[in-house]
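Enquirer: can't give you the sequence, but here's the structure:
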């Protein structure tokens, strides 16, 4: 670690770009603080992963984890959509907010697609490019080469390249730098802990900034994708965007410390603290979900002959905790008058809450459940 050199700044005439070294090489870690945090992170991830094994219908809850990640990761990029808005249909979103809403939806689609593709496609540059293509489909970045590595210089921070905070490597070196990441990920001769491997890959990806747009979101997506691909997590239930958003200044500072001071240990410590905190919060969320589920199941049983239909609605709400009367009618397979009776029952049991305040086009949310993800 002491002899590590992250790269060098290279003059490109009127600006200097940063050229990182390749990472596909043996890595020796002797920082005891890093090793201590690594041990703790492994333990917390193991505890979190246990929920995948013991909650029989965990897939019901995963979409909400993905949705929370989509809103938080997009928020780092300046998108303002919150979880409640993300759950609405497109036609219910005001025109001035639709671009933000679509970016969040694309993030969700990209994550779900990538997780599914991991079953057949290895964790690779191809997977990263295809995920990026979905992310930018039909939104503000659609003219910025979706699914393709950049063919021009980009920069981070500042209105122009002259006042940029950081300038990534020249575009001509992007393919070989990304190929180096891929080789590193699949190099079985490099025996380093997987969490440090993905920490280093995330740093390197953000340093390369291989796309013209969407680098931050794709870079954050890589973390759960890698953990699932390696079997560290059975399901995609850990996302660091919330931690990065809350510690945004520290996040950027720790990335720059690697580049400017060749201090990889500090980045590893920050990343592992993020894993530990996020896993602990995930465990609390799942515990709370299980408690809520018990309370709700007990309440629904009191509905007698209507309990079976109410249970169908509740199961839908765990996956998507916002609906209208038409959706209730469709899920339960009942007439509209019966749907309204079901809604009244669920409101009385404090499962549904009307949020529009209007008499027409009413929307109901599973507020107690949604609150667990805020």
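Expert: Everything's here; your move. These figures come from a predicted structure and were not determined experimentally. Numbers count the residues shown, from 1 in each chain.
Enquirer: Local confidence estimate at residue 130?
Expert: For residue 130, the pLDDT comes out at 93.
Enquirer: Which residue, neighbours along the chain excluded, lies closest to it?
Expert: Distances taken as Cβ to Cβ, 6 or more residues apart in numbering place residue 147 nearest to residue 130, at 6.3 Å, with adjacent residues excluded. For the C-beta atoms, the positions are set from N, CA and C on the backbone; glycine is no exception.
Enquirer: ok, the one you found - contacts?
Expert: By Cβ atoms under 8 Å, 6 or more residues apart in numbering, the residues touching residue 147 are 129-130, 132-133, 136.
Enquirer: Could you look up the SS state of it?
Expert: coil (DSSP: H, G, I helix; E, B strand; the rest coil).
Enquirer: what are the phi and psi angles of it?
Expert: The phi and psi values for residue 147, taken as degrees, to the nearest 10, are phi 80, psi 0.
Enquirer: Repeat that for the one 5 residues further on.
Expert: Note on residue 152: its backbone torsions stand at phi -150, psi 170 [degrees, to the nearest 10].
Enquirer: same thing with residue 360?
Expert: Dihedral angles (degrees, to the nearest 10) for residue 360: phi -110, psi 160.
Enquirer: Just the pLDDT at it, thanks.
Expert: pLDDT, residue 360: 78.
Enquirer: That one and residue 325, how far apart?
Expert: According to Cβ to Cβ, to the nearest Å, residue 360 and residue 325 sit 11 Å apart.
Enquirer: out of those two, which sits in the more crowded spot?
Expert: residue 325 (17 against 5; other Cβ atoms under 10 Å).
Enquirer: mind checking which helix or strand the nearest residue to that one once chain neighbours are set aside is in?
Expert: Among residues not flanking residue 325 along the chain, residue 339 sits closest, at 5.0 Å (Cβ to Cβ, 6+ apart). Using DSSP states H and E, the element containing residue 339 is helix 336-348.
Enquirer: and for that helix, what are the contacting residues?
Expert: Against helix 336-348 from outside (Cβ under 8 Å, 6+ apart): 303, 306, 309-310, 313-314, 325-326, 328-329, 332, 334, 352-354, 364.
Enquirer: In helices, which of those residues appear?
Expert: Mapping the contacts of helix 336-348 onto helices (DSSP state H) picks out 309-310, 313-314, 325-326, 328-329, 332.
Enquirer: which residues sit in contact with residue 310?
Expert: 300, 303, 342, 345-346.
Enquirer: Which pair in the residues you listed has the greatest spatial separation?
Expert: Within these, 300 and 342 form the most distant pair, 10.7 Å apart (Cβ to Cβ).
Enquirer: So between those two, which is more surrounded?
Expert: Using other Cβ under 10 Å, the more surrounded residue of residue 300 and residue 342 is residue 342, with 23 against 20.
Enquirer: Any buried residues in stretch 258-273, and which?
Expert: By neighbour count on 16 or more other Cβ atoms under 10 Å, the buried set for stretch 258-273 is 258-259, 262-273.
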